[in-house]
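Asks: Fold the stuff below for me.
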Amino acid sequence: MSFHMHLRAVPNSEVELSYAWLAEFMGAAWDWDVRQAEYGAGIAESIEKDFGSVHELCEAGSDLPEGRGGAWELPVFGGDIVHHPDDEQPPFVHLTPDAVRQASAFLSEVPFDALWEAAGRELHASFGPGWAEEDVKGIYVRHHAGLRDFYERAAVAGSAVVKAFWY
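Replies: Numbers count the residues shown, from 1 in each chain. Got it, this is the predicted structure:
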């Protein structure tokens, strides 16, 4: 079983902050053809199982000027949380266009190497023995670059972002 974070950019005027609407909107991306088209268009991104540790990588920027004010929280877990009515499912998260711009600025302005310097040792250790640091670092470089590019495109378009955390 896989657990992942899926992000979709959408005009904010189309978003309804109800669990039912968000479930339908995000569920439409389960169709493989839709998902591939959205990835190709740059309006969707996802991170398999590592999204929690990507949040930890971003958290390493909380003491940097670009991360103050909570901008470091926005790329992964930050935003307006919409819970399932019975708390039986993971919540959805909505970022307004302004928050998308803040997330984009954080990911663009804080150098990956500064984040890795602060958090890389612990992230590397969490992979266990036998993992070369460069291999682990490469995983996070790809995640960071994917998020940075996604948020940059969404910010330029003036879009909101909806996040789902799926099993």
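
Asks: chain center to the least confident helix or strand in the chain by mean pLDDT, what's the gap?
Replies: Ranked by mean pLDDT, DSSP states H and E, the weakest helix or strand in the chain is helix 32-41, scoring a mean of 89. Chain-centre distance of helix 32-41: 17 Å, with CA atoms, centre = their mean, to the nearest Å.

Asks: for it, packing partners?
Replies: strand 44-48 (3 or more CB pairs under 8 Å, 6 or more residues apart in numbering; DSSP states H and E). All C-beta atoms are positioned from the backbone trio N, CA, C, and that covers glycine.

Asks: now the angle between strand 44-48 and the very next helix or strand once past the strand it packs on, please.
Replies: Scanning forward in sequence from strand 44-48 by DSSP states H and E, the next helix or strand is helix 51-59. Relative orientation of helix 51-59 versus strand 44-48 (axes from the mean of the first three to the mean of the last three CA atoms, to 10 degrees): 110 degrees.

Asks: I'd like the average pLDDT over the strand or helix carrying E134.
Replies: Using DSSP H and E, the element containing E134 is helix 133-157. Mean per-residue pLDDT for helix 133-157: 97.
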